[in-house]
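Participant: 3D, please:
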Amino acid sequence: MAETSTQPPDLGHAKRRRLPRPDAALTAIAVILVAVAVLDTAALRPVIENTLGSFGHTLIFILFAIGTVAYLRAAGATTLLAKVFQGNETRMIVLAAAFGGLSPFCSCEVIPFIAALLAVGAPLSAVMAFWLASPLMDPAMFFITSGALGLDFALGKTVAAIGLGMMGGFSVRALAGTALYADPLKSAPKSGCCGCGPTPFDGRPVWAFWREAPRRREFRDVAVHNLLFLGKWLLLAYVLESLMLRYVPADLIASAMGGDGIGPILIASIVGAPLYLNGYAAVPLIAGLLEQGMSPGAAMSFVIAGGVSCIPAAVAVWALVKPRVFASYLGFSLTGAILAGLAWNMIA
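Facilitator: So this is what the prediction gives:
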C-alpha cells in the first residue's frame, strides 16, 4: 500500500475551509481606535487612558461577579428553578419574579425547560413573571452595576426587575380566561438561541463542588467564558463612553433626556431597545450619559426597557409563544420601564 502521508496536501480543500469569524466586540474596538488615530490623533491617548481607567475601576466587581456565577453554575444551583413553578399560582408568580431577577443564567438557557413547563400546563402567569425579570438582573449584573453606578442604583434596578415580573405575572393571571392568552405556546425549539443548549434541572445542588472533577471543570470553563465575554464587551462600552464624553455635547443629552418630567423617561424607554448592546455593556454607557446630564429616571427607564426588549431576551420569548403573547411581553416591558423611571426620579 502506498504511503499517503507523503502526498501533497489538497490545496483546493484547504482554500475551502472557512476562516474563523472575527469577534464583533473586539473588531469594533479596533475599528474605533483606528478611526480616532486617523481622524483625531491627539485624542487617541486620552481615550485609551480613560477606557483603561474606567475598566480598572470596575475590575474588582467584574472578578467577584465572575466567581459568583461560576460557583453557582458549578454547584448546579439552576436545579432550584424547577421548584419555583410548583404550588399555589400566586406563590409561583412572586417566586418566579424574584428568582428571575436573581438567577445566574441567560434567558436562552431556560427555553427547553420553560417550553416543557408550558406544554404540561404550568401557568403562563408565572412564566411571564420569570421572563420579564430574568434579563434585567443577575449576580454579575448586580456587582458590575454597583461598581459603575452605585449600590443604590443596583438595588433600585433589582427591585424594578422583580416588580416588573410580578406586574406582568399578575396581569396575565387576571386576563388568563381571555383570548389573548388562550393557547399561547408555539412548537418547542430544540436548543437555546445563544448556543447554550439545554440546562440540566434534575438533581440537587452540590455546594461543595470542588470535590468533583467535572464540577471543577465547569467552574473553570464558566469563569473563563464569562471573563472573556464580560471583558470584551465592557472594554467596548468604556471606549464608547470615552468617545461620548469627548465628542457629544453635554447640553444635547441634558436637553433630550434631562429634567424631572415624563418626556425624558418616555424617550429613554423607546430608544432603550435599539441602543442596547447588552446588559453589561449598557452600564458604562449609562454612567457616561448620567455624567452628560441624563436624568436618573431616564437612566432607569433605559436599562429596564432595553434589558427586557434586547434581542437575546426577546428571541427567547418569541421562540416559544405566539405573536399576541409576545406583544404583551413588550407592552409590559415598556409600561414597567416608564413606571420604574418615574419612581426612580422621585427617589434619587
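
Participant: where exactly do the strands run in the stretch 1-150 of the chain?
Facilitator: Taking DSSP state E, counting those that start in this stretch, the stretch 1-150 of the chain contains no strands at all.

Participant: contacting residues for Asp260?
Facilitator: Contact partners of Asp260, counting by CB atoms under 8 Å, 6 or more residues apart in numbering, are Ser295, Gly297, Asn345. The way it works is simple: take the backbone N, C-alpha and C, and place the C-beta from them, glycine included.

Participant: now the residues you listed: which count as buried?
Facilitator: Buried members of these, scored by 16 or more other CB atoms under 10 Å, are Ser295, Gly297, Asn345.

Participant: Show me which of those residues is closest to Met137.
Facilitator: For these, the residue nearest Met137 by CB to CB is Gly297; the value is 18.2 Å.

Participant: Residue ranges in the stretch 151-300 of the chain under the pLDDT threshold?
Facilitator: Low-confidence segments of the stretch 151-300 of the chain (pLDDT under 70): 187-203, 250, 254-255, 272-279.

Participant: again, 90 this time
Facilitator: 176-209, 222-223, 225-295 (pLDDT under 90).

Participant: so where do the helices sit in it?
Facilitator: Remark: helices assigned in the stretch 151-300 of the chain by DSSP state H, counting those that start in this stretch are 151-174, 213-247, 250-257, 262-275, 279-291, 296-309.

Participant: Out of those helices, flag the one nearest Pro46.
Facilitator: Closest approach to Pro46 among the helices of the stretch 151-300 of the chain is made by helix 213-247 (7.2 Å; CB to CB).

Participant: which secondary structure elements does the closest one contact?
Facilitator: Counting contacts by 3 or more CB pairs under 8 Å, 6 or more residues apart in numbering; DSSP states H and E, helix 213-247 packs against helix 24-39, helix 41-75, helix 139-149, helix 279-291.

Participant: Now it: buried residues?
Facilitator: Quick answer for helix 213-247 (16+ other CB under 10 Å): 215, 218-219, 222-223, 226, 230-245.

Participant: State the distance from Trp207 to Met128.
Facilitator: 31 Å (CB to CB, to the nearest Å).

Participant: And those two? Which one has more around it.
Facilitator: Remark: of Trp207 and Met128, Met128 carries more neighbours, 30 against 12, as counted by other CB atoms under 10 Å.

Participant: check contacts around the more buried one.
Facilitator: Gly165, Gly168, Gly169, Val172, Tyr329, Phe332.

Participant: Cheers, nothing more for now.
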